[in-house]
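Enquirer: Provide a 3D model corresponding to the input given below.
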Amino acid sequence: MELIRANQSVYEDLNAFLLKNETIDARSLANSGYVIQVDREIVGCFVLEMIETNDSWLKQLYITKDHAAKLPVLLEAISNLARQQQSKYIHIHSHQPVVDLLLESLQFYPQQDANFQLESPGPQGNWWTQEV
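Expert: The predicted structure follows:
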């Protein structure tokens, strides 16, 4: 599994991936996103955005069903990337109970009152934070 800045990936491969996955915010992905490659094929993407001096927001995350088992390893790699970018905390908004369970198992902690200002990410859900 390899993480590559979306704006440095092969344009044709990225475009083909986005055409198959229309719910992905292509603009955010191009600005501050990464693609996930396995054997030179794009199998997922994520947007890790700086929101405060030492905080990052995992704003978008997508991985194909065939590679969903890699999600725990991917979240650990994203945490390492946030650490390299000098982040102290990473925040994630989840609106799926199975993701909540995964985040809890990876030592993310639920946030009742988010002390950071973020745009509404969409559906009702839970905020999680991990110190990186």
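Enquirer: okay, CA-based contacts and neighbour counts for the rest of this
Expert: OK.
Enquirer: Residue 38 and residue 44, how far apart?
Expert: 9 Å (Cα to Cα, to the nearest Å).
Enquirer: who's more crowded, those two?
Expert: residue 44 (22 against 13; other Cα atoms under 10 Å).
Enquirer: Now do the same contact list for the more buried one.
Expert: 35-37, 61-64 (Cα atoms under 8 Å, 6 or more residues apart in numbering).
Enquirer: Now name the helix or strand holding it.
Expert: Counting by DSSP states H and E, the element that carries residue 44 is strand 41-52.
Enquirer: any idea where the helices of the chain begin and end?
Expert: 11-20, 26-32, 71-84, 97-105 (DSSP state H).
Enquirer: Now do the last one against helix 71-84, angle only.
Expert: Looking back up the chat, that one is helix 97-105. 60 degrees (axes from the mean of the first three to the mean of the last three Cα atoms, to 10 degrees).
Enquirer: Okay, and the beta partners of the spatially closest residue to residue 42 that is not a sequence neighbour?
Expert: Excluding the flanking residues, the one nearest residue 42 by Cα to Cα, 6 or more residues apart in numbering is residue 36, at 5.6 Å. For residue 36, the beta-bridge partners under DSSP bridges are residue 3, residue 44.
Enquirer: Isn't residue 36 up against residue 43?
Expert: Yes: look at residue 36 against residue 43 with Cα atoms under 8 Å: they come within range, at 5.7 Å.
Enquirer: For stretch 123-132, list every residue counted as buried.
Expert: 126-130, 132 (16 or more other Cα atoms under 10 Å).
Enquirer: Also stretch 43-54?
Expert: Buried residues in stretch 43-54 (16+ other Cα under 10 Å): 43-50.
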